[in-house]
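Asks: the following block contains a protein sequence and its predicted model.
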Amino acid sequence: MAAIEVNGLTKDYGEVLANDDVTFDVAEGEVFGYLGPNGAGKTTTIRTLMGFQSPTAGSGTLLGADVRTEEELLAAKRRIGYLPATPSFDETATGQRVLDLHASIKGDERRDELLELFDPPLSRPIREYSTGNAQKLGLVQAFMHDPDLVVMDEPTSGLDPLMQRRFEEFVRAERSAGTTVFLSSHVLSEVRRLCDRVGVIRDGRIVTVESVADLLGRSGKSVLARVDDRVAADDVTLSGVHDLSVRDATVPDDSAAPGSVTELTFTYTGDVNELVDFLDRFDLLELDVEEAPLEDVFMRFYGDD
Amino acid sequence: MLEIARYDGRKRLTGALAMTVGIAALTAMYVGLFPSITSAANLDEIIAAYPPAFREAFDIRTMNTIEGFLATQLYAFAWVILLGLYFAYAAAGLVAADVERGRMDMTLSLPVSRGRVVLEKFASLSVPLFVANAAMPVVVFVSTLAIGEEVAMERVLMAHVLSVPYLLACAGIGLLASVVVDRASVAQRAAAGAVFALFLVESVVAGTDLEPLGALSPTRYYVPSEILVDGTYDLGGAAALLAGTAVLVLLSREWFRRRDV
């Protein structure tokens, strides 16, 4: 059974179609990244799955419970942790009071362990909390009842780099322990480090759902070639070349005559053998072929209009 | 069960105590003034000079007895209007404020049903309801004793007992506003406005062809001067208020269960 199933989920706010026929599954024990720019509809999907709002069309399940049926979802929520995009707590209460309330309703067998990792100032009233502290308190309450599924909306926003790393290590450990994690993000490097699979959403529609490895494979390679010759952009006839940039890279103390070294950089999505055959015609001074940064992959989904 | 009611109720304790101290001070002042006012003037002659609509609005019978004076000065004003508005206002913030500030997402992520959230939040108002009604009879008793007046305590107690359904009905109006409107300030203005408007309507239509319209107002069913001056207890009215409260609360719960937050 999938931990999360989303089937044709549509949410129409009237003025905005925030989710349009969104479909994906998250397997048990998987860390799934829900990726998209701000306003793409990530929070809409999450809030609909949590039962805060009903879908205009389509359906979804969390741990097998139909999110449109309160009774079913209620039973499942004992095993679900949730972290909203900007966790809001009772401002007048201390962090301690808020955790006590949560504990009285859903349990807190892991509270102490979590407070050692993420240490919000529990004795202070929440109105004095920084964004990062509120986020830490949010993380503690999301995991403190040892849930089987954790849904997090932009979990690392507001955390300092040290806490972000700690969070990433923690999520990896949770994954090893069998917890299913669904997190939304617009930070690609984070998704790449943490997630097994990614669903990319844009303008309310799912663009792709695939493994991070596939996404990177499909996204191609970043190629940099320094050629001991003059090369024009028109000479690069290879298909699968994107974002080609050609520049004169002659340096003054090169023994070669000025203007005779060219630097080519491009993203390559074709067959690697064809790339090698193509480059074989040149006298190469330098060649770098590396995995394209996920940011570039992302730009391919979002950058074309 | 009742974790949310306990949590919210505890938060209301300070406010409830402050409100009670305020009304107690007002009461002590009124009672303290009673001997000098009654010795200086015959208040009932002044009342006779009031416009009939005003007498009707506050159900003024007599002010020459301590019961009549309290009914007019304290209960008709502080209890029916001030406290009625307080409960409408407080109830209007119960759900709307949490939705507006995004706290409701956190609450609903817990394994609690929406119906339970609404009912427990409403139940948290029992704190100010209890504190005010428990403290005031004591204040009335002690202050009247201090001026050497003997007040009919069983009537005072009944004025408080019967105010509970009335205040609950006012809170019910607030709760409905709270689940329908997303912004707390709008819900609070709407609820307090509605309670005050109903009070005015009930006062204005009295004795006219439109008098049945006044049946919509909670103030129709709780008349402190009837209790304190006449010693008649409108138990049917209290039952009507409780029934109205139940309808408002259940309607609010159904509404909140169906809506997006």
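Replies: Perfect, I can see it now.
Asks: quick one, domains of chain A?
Replies: Listed by automatic domain parsing, the domain ranges of chain A are A:4-217, A:220-302.
Asks: return the most buried member of those domains.
Replies: Scoring these by mean neighbour count under mean count of other C-beta atoms under 10 Å in any protein chain shown gives domain A:4-217 as the most buried, with a mean of 19. Where you see a C-beta, it was placed from the backbone N, CA and C, and this is true even at glycine.
Asks: and that domain, does that touch chain B?
Replies: Yes - residues of domain A:4-217 are located near chain B by C-beta under 8 Å from any C-beta of the partner chain, namely A:47, A:50-54, A:70-71, A:74-75, A:77-78, A:80, A:82, A:84, A:86-90, A:92-93, A:97, A:101-102, A:104-106, A:141.
Asks: with respect to B:Leu43, which of the domains of chain A lies nearest?
Replies: Closest of those to B:Leu43 is domain A:4-217, at 44.4 Å (criterion: C-beta to C-beta).
Asks: the closest one: how far from the chain's middle?
Replies: Centroid separation for domain A:4-217 versus its chain: 11 Å, with C-alpha atoms, centre = their mean, to the nearest Å.
Asks: picking up where we left off before, among the residues of domain A:4-217 next to chain B, which lie within helices?
Replies: If you go by DSSP state H, the residues of domain A:4-217 next to chain B have A:47, A:70-71, A:74-75, A:77, A:97, A:101-102, A:104-106, A:141 in helices.
Asks: TSV for the domains of chain A, including distance to B:Gly236 and mean pLDDT?
Replies: Below are the domains of chain A laid out as TSV (distance: least, C-beta to C-beta, whole Å; pLDDT from 0 to 100):
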stretch	distance to B:Gly236	mean pLDDT
domain A:4-217	37	95
domain A:220-302	68	83
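Asks: possible to save the ones you listed as CSV with distance to B:Pro137?
Replies: Output for the domains of chain A, formatted as CSV (distance: least, C-beta to C-beta, whole Å):
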stretch, distance to B:Pro137
domain A:4-217, 31
domain A:220-302, 69
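Asks: what ranges do the strands span in the stretch 1-150 of chain A?
Replies: In the stretch 1-150 of chain A, the strands defined using DSSP state E, counting those that start in this stretch lie at A:4-12, A:17-26, A:31-35, A:57-62, A:65-66, A:80-83, A:149-153.
Asks: what's the neighbour count on B:Leu119?
Replies: 18 (other C-beta atoms under 10 Å in any protein chain shown).
Asks: and it, what helix or strand is that in?
Replies: Following DSSP states H and E, one finds B:Leu119 within helix B:114-123.
Asks: that helix and chain A in contact?
Replies: Yes - using C-beta under 8 Å from any C-beta, helix B:114-123 reaches chain A at B:Arg114.
Asks: then stretch B:178-193?
Replies: No - applying C-beta under 8 Å from any C-beta, one finds stretch B:178-193 separated from chain A by no less than 12.4 Å.
Asks: of all the residues in that stretch, which ones are buried?
Replies: By 16 or more other C-beta atoms under 10 Å in any protein chain shown, the buried positions in stretch B:178-193 come out as B:178-182, B:184, B:187-188, B:190-192.
Asks: also stretch B:241-251?
Replies: B:241-242, B:244-245, B:248-249.
Asks: need the contact list for the residue nearest to A:Leu62 when sequence neighbours are not counted.
Replies: Excluding its sequence neighbours, the residue lying closest to A:Leu62 (C-beta to C-beta, 6 or more residues apart in numbering or on different chains) is A:Ala76, at 5.3 Å. Applying C-beta atoms under 8 Å, 6 or more residues apart in numbering or on different chains to A:Ala76 gives the contacts A:62-65.
Asks: same thing with A:Ser211?
Replies: Going by C-beta under 8 Å, 6+ apart, A:Ser211 touches A:196-198.
Asks: separation between the closest residue to A:Met1 other than its chain neighbours and A:Gly178?
Replies: Nearest residue to A:Met1, sequence neighbours excluded (C-beta to C-beta, 6+ apart): A:Gly64, at 5.6 Å. Here A:Gly64 is placed at a distance of 16 Å from A:Gly178 (C-beta to C-beta, to the nearest Å).
Asks: again with A:Val140
Replies: 20 Å.
Asks: may I have the phi/psi pair for residue 110?
Replies: Reading this off chain A. phi -110, psi 10 (degrees, to the nearest 10).
Asks: need the contact list for the nearest residue to A:Ala93 once chain neighbours are set aside.
Replies: Excluding its sequence neighbours, the residue lying closest to A:Ala93 (C-beta to C-beta, 6+ apart) is A:Ile126, at 6.0 Å. By C-beta under 8 Å, 6+ apart, the residues touching A:Ile126 are A:89-95, A:98, A:134, A:137.
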